[in-house]
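*Asks:* curious how this folds, go ahead:
(one chain, ligands or ions: 2)
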Amino acid sequence: MIAPDLSRFIAGLPKAELHVHHVGAASPRVVAELAARYEGDTAVPADPALVEAFYDFRDFTHFLQTYLQVVDLVRTPEDLWTLIYGVGGDMAAQQVRYAELTITPHPHLARGFAPREFCEVIEDARRRVEADFGTLLRWCFDIPGIPGPPADQTLSLALDQRPDGLVSLGLGGPEDGVPRSQFAPHFAAARAAGLHSVPHAGEVTSADYVWQAVRDLGAERIAHGIRSVEDPALLDYLAEHEITLEVCPTSNVCTRAVPSLAEHPLPALVQAGVPVTVNSDDPPMFGTDLNREYAVAAELLSLDEKGVADLARAAVKASFLGAEGKSALLAEIDAYAAQNSSAPLT
Ligand code: ADE
Ligand code: ZN
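*Replies:* Ligands and ions are numbered 1, 2, ... in the order given. The predicted structure is shown next:
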């Protein structure tokens with residue numbers, strides 16, 4: 001447990017979130033509301049308390065199966081808009097000023113969304129979030145770990161529609177037995193078109209998958225990447241090339257990627273000089289939020305207020321926000337830290 005003063009400091013700290021999935025970030029209230037719309041045609045409960053109980057995962061595969069059941073509740077433009085707008089409001093309440101939201105378009109396209117309609121809805125929700133809450137959203141379009149048409153469709157959507165908020169291409173879903181390298185042509189095309197590369201790798205597999213992401217997909221940041229800890233040469237490489245790992249501690253415990261928070265490799269990654277950010281991944285699904293993940297990191301890394309503010313700065317620096325936006329958000333963090341520090345003035 002961290003001190004109440006540090007919790008308060010975290011709660012008010014302006015933050016950036018780099019790794020959070022759009023459906024995984026939906027509040028149990030919004031998920032229950034969507035489930036009520038499709039009662040009889042979904043196993044997802046229509047009561048927020050039961051939704052929370054529904055999020056109890058045996059392992060990573062079970063988590064992904066559950067996740068897809070919630071994804072399947074997003075069937076109309078209004079469903080999608082409601083979900084993203086709600087996520088934006090929840091983030092703003094945590095003082096998240098900037099978020100890169102990972103969206104997996106494929107299941108929505110398979111459910112009948114036309115590519116242009118899909119992008120118009122998310123862009124409209126993004127603009128409303130910014131106007132109403134002041135939180136900037138950017139998109140990472142995520143290939144759902146399935147080669148062939150799902151991967152091709154994700155890339156086509158990104159390149160043909162190219163919504164204003166899109167900054168990167170991702171790769172998520174199942175990882176074991178899904179070599180990262182097979183998606184090299186997709187990432188090469190995305191990078192040639194100016195998109196950043198942020199695949200999941202080394203969440204539940206091995207350091208080898210992280211090497212593939214770095215070497216074959218040109219990864220600039222890695223989603224999770226915690227298994228890098230098993231390979232000292234990889235740790236050196238990540239540190240030397242300043243490839244940031246988007247670490248999500250509570251997620252890793254809830255999906256059984258690591259046995260417990262006490263055994264989480266975050267301290268070893270930091271010790272090895274690897275740049276890290278702290279993120280929430282699918283927060284209500286894991287009974288967490290970004291503030292809580294900062295508290296978890298503070299405990300694992302024995303951070304004080306300055307250390308926590310440095311974590312927030314690291315996320316801004318590793319983000320794909322433009323130079324001006326970065327400077328403004330860093331200045332806001334500095335001002336907050338100066339005004340709210342409980343350290344005695346010297
Ligand atoms: N989709 C949603 N959450 C995910 C995770 N933690 N890993 C891979 N794919 C995901
Ligand atoms: Zn993720």
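*Asks:* for the rest of this, base every contact and every neighbour count on C-alpha atoms.
*Replies:* Noted.
*Asks:* state the distance from Ala35 to Glu130.
*Replies:* To Glu130, Ala35 is 27 Å away according to C-alpha to C-alpha, to the nearest Å.
*Asks:* please identify which of those two sits among more neighbours.
*Replies:* Ala35 (25 against 18; other C-alpha atoms under 10 Å).
*Asks:* the more buried one is in what secondary structure piece?
*Replies:* Element membership for Ala35 (DSSP states H and E) is helix 28-37.
*Asks:* near ligand 1, which residues of the stretch 51-200 of the chain are found?
*Replies:* Contact residues, the stretch 51-200 of the chain versus ligand 1 (C-alpha under 6 Å from any ligand atom): Gly172, Gly173.
*Asks:* hey, where'd the strands end up in the stretch 51-200 of the chain?
*Replies:* Assigned by DSSP state E, counting those that start in this stretch, the stretch 51-200 of the chain shows strands spanning 96-103, 136-143, 166-171, 196-201.
*Asks:* go through those and pick out the most buried.
*Replies:* Ranked by mean neighbour count, the strands of the stretch 51-200 of the chain are led by strand 196-201 with a mean of 27 (mean count of other C-alpha atoms under 10 Å).
*Asks:* need the mean per-residue confidence for that one.
*Replies:* Strand 196-201 carries an average pLDDT of 98.
*Asks:* now the nearest residue to Thr42 once chain neighbours are set aside: how far from Thr250?
*Replies:* Nearest residue to Thr42, sequence neighbours excluded (C-alpha to C-alpha, 6 or more residues apart in numbering): Ala35, at 6.8 Å. Ala35 is 25 Å from Thr250, where distance means C-alpha to C-alpha.
*Asks:* and Asp164, how many neighbours does it have?
*Replies:* So Asp164, with other C-alpha under 10 Å, has 11 neighbours.
*Asks:* sorry, that was for Leu68
*Replies:* Count around Leu68 with other C-alpha under 10 Å applied: 15.
*Asks:* got phi/psi on Val276?
*Replies:* Torsion angles at Val276 (phi, psi; degrees, to the nearest 10) stand at phi -130, psi 150.
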